[in-house]
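> Need a 3D model of the sequence below.
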Amino acid sequence: MSPEERERSYEHYKQWQINKNRYKHECVAYVLIVGVIAIFVLKHWKELSIGFATIIAVGCIYLLAMLIRKYIKIQQKAAEMKKIAEEVGGTDIVIDHEKGKVSFSVPAENADAVINDIEKNMGNSKYKLKVSRVQNPNNEMKDKKTTDVGYVNKNSQRNNGKTEYKGTDNNQWFYSMECLKCGHKYFANGSDIKIRKCPNCQGGKP
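Take a look at the predicted model:
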């Protein structure tokens with residue numbers, strides 16, 4: 001063994017001894033800390049139990065207060081939306097108190113004007129506005145043909161009229177369609193209007 005190797009080996013041995021002593025001291029320190037904590041807990045277990053119980057009680061009260069606050073906000077939102085629905089002439093008003101949503105009916109020809117009025121009324125509101133239009137199953141659609149302008153199928157897809165483009169089915173023409181839920185516009189064969197779904201929000205074919 002060369003002198004350099006002997007010196008490195010000795011340095012490694014010294015470091016091992018230092019680490020060994022440090023590990024022993026740390027073990028003793030950990031045991032002492034655990035012992036002191038155990039003695040403190042055993043001596044003051046009543047005070048600590050009261051403290052933990054107080055913390056849990058305060059946490060439960062805070063959580064209950066947050067739930068009550070959220071419930072009140074939802075009720076306020078529903079009441080405000082009901083008032084707006086009444087102001088724009090809505091009928092068959094239904095309030096979903098759990099979600100804070102309001103649904104109501106208006107004539108199809110007034111839908112765009114009503115939505116504009118709601119957006120104006122809610123413009124300065126602290127609530128988020130999300131308006132969706134759906135077909136009333138009891139409306140005049142039963143008296144219309146699928147190829148008539150204004151026909152709305154059960155998926156809330158409206159026929160805006162025949163185009164000048166030939167369709168992909170035999171002897172069919174393309175019709176301009178509009179989704180009343182998201183506003184997406186697309187073309188559909190006249191034979192498909194009744195069953196069409198929106199390609200944008202309902203997974204219909206493009």
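> From here on, just use CA atoms for contacts and neighbour counts.
Will do.
> what mean pLDDT does stretch 168-180 have?
In this model, stretch 168-180 has a mean pLDDT of 91.
> now stretch 192-203
90.
> Ok, stretch 30-40 next?
On average, stretch 30-40 scores 83.
> Does anything pack onto the strand ranked longest in the chain? Which helices or strands?
In terms of residue count, the longest strand belonging to the chain (DSSP state E) is strand 157-166. Applying 3 or more C-alpha pairs under 8 Å, 6 or more residues apart in numbering; DSSP states H and E, one finds that strand 157-166 makes contact with strand 173-179.
> Distance from the chain centre to the strand it packs on, please.
Strand 173-179 sits 31 Å away from the centroid of its parent chain (C-alpha atoms, centre = their mean, to the nearest Å).
> how many degrees apart are that strand and strand 157-166 in direction?
With axes from the mean of the first three to the mean of the last three C-alpha atoms, to 10 degrees defining the directions, strand 173-179 sits at 150 degrees from strand 157-166.
> Pairing partners for strand 173-179, with directions?
On the basis of DSSP bridges, the sheet neighbours of strand 173-179 come out as strand 157-166 (antiparallel), strand 185-189 (antiparallel).
> Go through those strands and pick out the most buried.
strand 185-189 (a mean of 20; mean count of other C-alpha atoms under 10 Å).
> quick one: contacts of that strand?
167-169, 172-179, 196, 206 (C-alpha atoms under 8 Å, 6 or more residues apart in numbering).
> Buried ones only from the residues you listed, please, as a ChimeraX command.
With 16 or more other C-alpha atoms under 10 Å as the criterion, this ChimeraX line picks the buried residues out of those:
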select :167,173,174,175,176,177,178,179,196
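> out of the contacts of strand 185-189, who's nearest residue 84?
residue 179 (24.4 Å; C-alpha to C-alpha).
> ok, that closest one - contacts?
156, 157, 158, 185, 198.
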